[in-house]
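> fold the following and give me the result.
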Amino acid sequence: MTHEREHAQVRQTWFTELLATALNDLAHAERVITAFAAQQPDGYIAWGMAEGEATQAHRALRQAPSLQTAAPADQDTADATADALFELAGKVSQSLVRAAELASHPDDKMACLQAALHAGRLREALR
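Purely as a prediction, here's the structure:
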């Protein structure tokens, strides 16, 4: 029984770390895209789809019950480009799929999968 309990605890820790990282990355992407849009004359036309998907992914992930108890603080980094955002969206999407596989609560699984869908769409919008 002890081995099973340790395995479950490791699995839960990994899941929580994946959620926290994805939530921070999505919040960061949302801020950066909004800043890019605000800096260009037609910025909201050029960045609107990406901004919408980043926002939707962030909101979808926030619905995960596991994040209701301990929402992590957003991390901020200054250097971001469209290429970096593209890579970030891909990384977040993969992490969210992994988190969905680890989730034991159906609502956590659904939040992860919905956020992964929007992160994938964000990546497409950044192409």
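
> CA only for contacts and neighbour counts going forward, please
Noted.

> helix or strand with the lowest mean pLDDT in the chain?
The least trusted helix or strand in the chain, going by mean pLDDT, DSSP states H and E, turns out to be helix 65-69, with a mean of 80.

> before we move on, which element is the residue most central in space within the chain in?
Among the residues of the chain, the one closest to the centroid is residue 22, at 3.6 Å (CA atoms, centre = their mean). Taking DSSP states H and E as the criterion, residue 22 maps to helix 2-39.

> what of residue 111?
helix 106-125.

> which residues does residue 89 contact?
Taking CA atoms under 8 Å, 6 or more residues apart in numbering as the criterion, residue 89 is in contact with 26, 119, 120, 122, 123.

> quick one, what contacts residue 4?
Residue 4 neighbours (CA under 8 Å, 6+ apart): none.

> list just the nearest of the contacts of residue 89 to residue 16.
Of all the contacts of residue 89, residue 26 has the smallest distance to residue 16: 15.4 Å, by CA to CA.

> quickly find the element holding the residue nearest to that closest one when sequence neighbours are not counted.
Spatial nearest neighbour of residue 26, chain neighbours left out: residue 58 (5.5 Å); criterion: CA to CA, 6 or more residues apart in numbering. Using DSSP H and E, residue 58 falls within helix 43-62.
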